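>>> Sharing a model prediction with you, sequence too.
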Amino acid sequence: MRISTEQLQPYLARELKPLYAVFGDETLLALEASDRIRARARSEGYTEREVLTADAGFRWNDLAFAGNSRSLFASRRLLELRIPTGKPGGDGSGVLQGYCEALPQDTVTLVSLPALDWRAQKAGWFEALDRAGVVIEAKPVTRKALPEWLAARLKAQNQDADRETLDFIADRVEGNLLAAHQEVQKLALLFPAGRIAFEQARDAVLEVSRYDVFRLGEALLEGEVARLARMLDGLRGEGVAPPLVLWAIAEETRAIGRVLDGLACGRTPPQLWREARVWGKPHQQLMQQNCRRFSREQVEAALLSAARADRMVKGLIRGDVWDELLQLCLRFAAGAPVRPLPERGKMAAAAQAAERNQPALF
C-alpha cells in the first residue's frame with residue numbers, strides 16, 4: 001500500500017502495520033513521518049529499538065539475523081533499516097524480498113530511503129516492501145500548495161493568517177520546507193494564539209528561500225512573472241552558473257514547441273510526453289493546462305533570444321547575460337514575443353540554424 005505523508009496519521013490511528021517504508025525528496029516530511037511511526041510503535045509497547053544502516057561495509061545477513069533473533073529486553077521491538085543510497089544491490093535485494101515474505105513477529109520494521117526514481121520503484125525489492133507493508137512518499141510541496149501547507153501548520157499551533165500574509169511567507173521560504181517549518185514555529189514563540197497580522201509576519205520572517213533551477217520551467221508554463229524574477233535573482237545570488245539556467249530555460253521552451261507541433265498534428269498530450277521529454281505527472285499536468293497559451297512563433301523567437309544569451313555567456317557579444325535571461329523569461333512567460341519577429345521563413349530558418357550550431361549547453 002502506498003500513501004502520502006498527509007495520509008499517514010489517519011492510517012496510524014486505525015492500526016499499526018508490521019512494516020513501513022518512507023522515501024521521497026522532502027526531508028522534513030520524511031523525518032516527521034518516521035517520528036510518527038516511532039511514536040505509535042512506542043504507544044503499543046514496542047519499546048526496544050534496533051537501528052541498521054546499509055552503508056558501504058554493511059553485511060545484509062545482519063538484517064536476516066536481526067529478523068530471526070528474539071528481543072532480550074522487551075517482548076516487542078522497533079527494527080529500523082536505513083539505506084542512504086537507495087540502492088541495496090543484488091545481495092540486499094534478495095535479502096529484503098526474503099525478509100518481506102516472512103516478517104518477524106512482535107516487530108515493527110521501518111525502512112528509511114532517499115528519493116527514488118521510477119526505475120528503483122519498479123525494482124523487485126521495492127515492490128516487495130509495497131506488498132508487505134505501507135510505503136509513504138514524502139513529496140515536495142509545490143509553490144502553489146505552500147500557502148495551504150503553511151495555514152495547516154499555523155492552525156496546529158492555534159494561529160492563522162490571511163491569504164496575503166500566507167503568500168508573503170511562501171515567497172520567503174519557497175524551496176526550503178525545513179526553513180518554512182522553522183519560521184512557523186518562530187511565529188508561535190513570538191506571538192500569541194490567533195490571527196498573525198501581515199506586519200508581524202513581515203518583521204519576523206527571514207528571506208530563506210532556495211530556488212531550484214529545474215523549477216524555472218514550472219514558472220514559465222504558469223506565466224508567474226513575479227516568481228520568475230525572484231527565482232532568477234535568487235539563483236544569481238546563490239552563485240548558480242548562467243549556462244545551467246540557460247539550459248533549463250531552453251529545454252522547457254523546446255518542450256513547449258514539441259508539444260505544440262504534436263497538437264497541431266492531431267496527437268493527444270499523453271502521446272507527446274516521451275517525445276517532448278516532459279517527465280513526471282505534475283510537469284505533464286502543467287504542460288497540458290498551459291501550453292496553449294503559447295504560439296510556435298513565440299517559441300522560435302525565445303530560442304533566438306536564448307542563442308543570443310548563449311553567445312553572451314561565451315563572450316562572443318557584449319551584454320549582461322542575467323538581464324538577457326530575465327527579459328527572455330518575463331516576455332515569454334507573459335505570452336508576449338521575446339523580440340520583434342522577422343518574416344516567418346527567415347525566423348524558422350534562423351531558429352533551426354541556432355539549434356544546429358548550439359554547443360552541448362543546449
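Now that the structure is in, tell me what you want to look at. Since the model is a prediction, treat every value here as computed from it, not as a measurement.
>>> Beta-bridge partners for the nearest residue to Phe58 once chain neighbours are set aside, please?
Spatial nearest neighbour of Phe58, excluding adjacent residues (CB to CB, 6 or more residues apart in numbering): Leu52 at 7.3 Å. All C-beta atoms are positioned from the backbone trio N, CA, C, and that covers glycine. Applying DSSP bridges to Leu52 yields these beta-bridge partners: Leu81.
>>> State the distance from Leu52 to Arg82.
Taking CB to CB, to the nearest Å as the criterion, Leu52 is separated from Arg82 by 7 Å.
>>> now Ala264
When distance is defined by CB to CB, Ala264 is 50 Å away from Arg82.
>>> The two - which one has more neighbours?
Neighbours were counted for Ala264 and for Arg82 using other CB atoms under 10 Å; Arg82 has more, 16 against 9.
>>> wait, doesn't the more buried one sit right on Phe58?
No. Under the criterion of CB atoms under 8 Å, Arg82 lies out of contact with Phe58, with a separation of 9.7 Å.
>>> shared neighbours, those two?
Common neighbours of Arg82 and Phe58 are listed as Leu52 (criterion: CB atoms under 8 Å, 6 or more residues apart in numbering).
>>> pLDDT weak spots in the protein?
For the chain, applying pLDDT under 70 flags the ranges 70-74, 206-210, 335-362.
>>> can you tell me which helix in it is longest?
Using DSSP state H to define each element, the chain has its longest helix at helix 242-264.
>>> quick one: buried residues of that one?
242-243, 245-260, 262 (16 or more other CB atoms under 10 Å).
>>> which residues does Glu324 contact?
Residues counted as contacts of Glu324 (CB under 8 Å, 6+ apart) are Ser305, Arg308, Ala309, Met312.
>>> ok, Arg202 - how many residues close by?
For Arg202, using other CB under 10 Å, the count is 12.
>>> After the helix or strand hosting it, heading C-terminal, what element do we hit next?
Assigned by DSSP states H and E, Arg202 belongs to helix 198-204. For helix 198-204, the succeeding helix or strand toward the C-terminus, using DSSP H and E, is helix 216-222.
>>> Need the CA coordinates for whichever helix or strand comes after that following helix. CSV is fine.
Per DSSP H and E, helix 216-222 leads on to helix 225-237 as the next helix or strand towards the C-terminus. Output in CSV follows, covering the C-alpha atoms of helix 225-237 (Å, rounded to 0.1, in the frame of the first residue of the first chain):
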residue,chain,number,x,y,z
VAL,A,225,6.4,36.7,-14.0
ALA,A,226,7.0,37.9,-10.4
ARG,A,227,8.0,34.5,-9.2
LEU,A,228,10.4,34.2,-12.2
ALA,A,229,12.1,37.4,-11.4
ARG,A,230,12.6,36.3,-7.8
MET,A,231,13.9,32.9,-8.9
LEU,A,232,16.4,34.4,-11.3
ASP,A,233,17.6,36.9,-8.7
GLY,A,234,17.9,34.1,-6.1
LEU,A,235,19.8,31.8,-8.4
ARG,A,236,22.2,34.6,-9.3
GLY,A,237,22.7,35.4,-5.6
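>>> Any idea how far helix 225-237 is from the middle of the chain?
The chain centroid and the centroid of helix 225-237 are separated by 18 Å, computed with CA atoms, centre = their mean, to the nearest Å.
>>> same thing with stretch 104-115?
For stretch 104-115, the gap between its own C-alpha mean and the chain's C-alpha mean amounts to 24 Å (CA atoms, centre = their mean).
>>> Do me a favour and get the end-to-end distance for it?
Counting by CA to CA, to the nearest Å, the length from the leading to the trailing residue of stretch 104-115 is 27 Å.
>>> Against which helices or strands is the one helix or strand Met287 maps to packed?
Under the assignment given by DSSP H and E, the secondary-structure element containing Met287 is helix 281-290. Under the contact criterion of 3 or more CB pairs under 8 Å, 6 or more residues apart in numbering; DSSP states H and E, the helices and strands touching helix 281-290 comprise helix 216-222, helix 242-264, helix 269-276.
>>> mind giving me a markdown table with those helices and columns for distance to His283?
Written out in a markdown table, the entries for these read as follows (distance: least, CB to CB, whole Å):
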| stretch | distance to His283 |
| --- | --- |
| helix 216-222 | 7 |
| helix 242-264 | 9 |
| helix 269-276 | 9 |
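>>> Identify the residues contacting the most centrally placed residue in the chain.
The centroid of the chain falls nearest to Pro140 when counting by CA atoms, centre = their mean (4.1 Å). Contacts were defined as CB under 8 Å, 6+ apart; by that measure Pro140 touches Gly24, Asp25, Glu26, Leu177.
>>> Could you rerun that using 7 Å?
Pro140 makes contacts with Asp25, Glu26, as judged by CB atoms under 7 Å, 6 or more residues apart in numbering.
>>> Buried residues, the strand or helix carrying Arg311. List them.
Element membership of Arg311, judged by DSSP H and E, is helix 296-313. Of all the residues in helix 296-313, those buried under the rule 16+ other CB under 10 Å are 296, 298-313.
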